[in-house]
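A.B. asks: Following is a predicted model, sequence given first.
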Amino acid sequence: MKIAVFAGDGIGPEVTQQAVRVLQALDLPGLELVEGDVGGAAWRKHGHPLPEVTLEIARAADAILFGAVGDFACDHLERHLRPEQAILGLRKELGLFANLRPARVFPGLEGHSALRPEVAGAIDLLIVRELNGDVYFGDKGIRTLANGERQGWDLMAYSESEVRRIAHAGFKAARGRKGRLCSVDKANVLETSQVWRDVVTAVAAEYPDVELSHMYVDNAAMQLVKSPGQFDVVVTGNLFGDILSDQASMCVGSIGLLASASMAEGTKGLYEPIHGSAPDIAGQDKANPMATILSAAMLLRHSFGREAEAARIESAVAAALADGVFGGDLGGSYGTTAIGDAVLGKL
Ligand code: NAI
Ligand code: MG
């Protein structure tokens, strides 16, 4: 069980430390943690946000636990040397094409003032976002039109094989949950989405136990606010998924609670909280480490099939929240280490 630990910048090291404590407390057989430098921290030490030595650690590991990258002191650097290139580079180098982002309201938070009580209790959804294609990776440029105006353009494209592999990821995820998959596209207007819908529909034949539905993205945005409880798994493209997954994350209380997994073919994955390096609270024991602790739970489930230990971590976080263990992000006064202590106590 070789896990690369890339803590990164800002609150990254603080929250990652608590997740590592939780992993170590589980007595996992053959657990090996290998630390590596990423982001601004790596640039200072090696002159690059994702040095070759870090990439080698990533390739040799079974899974990666990632904190956060981002450092305003690097704002003057050329784009390819900025800290954020570490996470983009890892996604590209490791072929991490499926981003899984679960959003669920923990029982202890249903009455919290940050939530809408009339919908909060029912929210338990998973967004499966494609991560390697779409308008972000198509040809792009800025050209000058005949009338002298500048025009920016980005090509939106998905091939059948790209859609097929993310569709399988969506169906498999639904199979392990409530068995419902909603594919989100804009097939009434976009040819990319027509291919998307055709392929998802064809793949559905291999998963007769999963109930497939389709929804246009504009309606999906509205439904996520109106009644998020209707969704089990949502599968969608890179652009729509970027927007909808941030939107869904706000249905459940705080950015400090949301974990994510980025998967390649096979079981290798990268697991990280959805938040960034939060320089405003870094080094002050103020960050909520729960998102990173929950990312470690996803790591055990998706890369090692250790469902029991994953569920144990999630139950411990839920129990701590039910006891009112709230960080500043939830209006409480618990610090990073104290939250880690509380979760360990519940394990
Ligand atoms: P951010 O997510 O770092 O912070 C947004 C707000 O949420 C801040 O007020 C912060 O204090 C708060 N916050 C975030 N995580 C928290 C936690 N665990 N507990 C309590 N409060 C928390 O986003 P921001 O400020 O836009 O970006 C800061 C840096 O992070 C930038 O350099 C950005 O590029 C980078 N970033 C990196 C990501 C990654 O490593 N995957 C993702 C998003 C941003
Ligand atoms: Mg985003």
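C.D. replies: Yes, it's here. Ligands and ions are numbered 1, 2, ... in the order given.
A.B. asks: Could you check how far whichever residue of the stretch 201-347 of the chain sits closest to ligand 1 is from residue 125?
C.D. replies: With CB to the nearest ligand atom, the shortest gap between the stretch 201-347 of the chain and ligand 1 falls at residue 276, namely 2.3 Å. Bear in mind the C-beta positions are built from the backbone N, C-alpha and C, glycine included. In this view, residue 276 and residue 125 are 23 Å apart by CB to CB, to the nearest Å.
A.B. asks: rewinding a little: quick one: contacts for the residue of the stretch 201-347 of the chain closest to ligand 1?
C.D. replies: 10, 68, 69, 70 (CB atoms under 8 Å, 6 or more residues apart in numbering).
A.B. asks: Return the residues of the stretch 51-200 of the chain in contact with ligand 1.
C.D. replies: Applying CB under 6 Å from any ligand atom, we find that the stretch 51-200 of the chain lies next to ligand 1 at 68, 69, 70, 84, 87.
A.B. asks: Now the first one. Its backbone dihedrals?
C.D. replies: Backbone geometry at residue 68, expressed as degrees, to the nearest 10, gives phi -160, psi 150.
A.B. asks: quick one: it from residue 99, how far?
C.D. replies: For residue 68 relative to residue 99 (CB to CB), the value is 16 Å.
A.B. asks: And for the last one?
C.D. replies: If you measure residue 87 against residue 99 using CB to CB, the figure is 11 Å.
A.B. asks: swap in the third one?
C.D. replies: Distance of residue 70 to residue 99, given as CB to CB: 18 Å.
A.B. asks: What does the residue nearest the centre of the chain show for phi and psi?
C.D. replies: With distances taken as CA atoms, centre = their mean, residue 260 lies nearest the centre of the chain, 2.7 Å away. Taking degrees, to the nearest 10, you get phi -150, psi 160 for the backbone angles of residue 260.
A.B. asks: Tell me the bridge partners for it.
C.D. replies: residue 272 (DSSP bridges).
A.B. asks: Report the contact partners of the residue lying closest to residue 301 once chain neighbours are set aside.
C.D. replies: Nearest non-adjacent residue to residue 301, counting by CB to CB, 6 or more residues apart in numbering: residue 310, 3.8 Å away. Taking CB under 8 Å, 6+ apart, we find residue 310 in contact with 297, 298, 300, 301.
A.B. asks: So of these, which two are at opposite extremes in space?
C.D. replies: Farthest pair in those (CB to CB) is 298 and 300. Separation: 7.5 Å.
A.B. asks: wait, residue 248 sits on residue 125?
C.D. replies: Yes: counting by CB atoms under 8 Å, residue 248 touches residue 125, with 6.3 Å between them.
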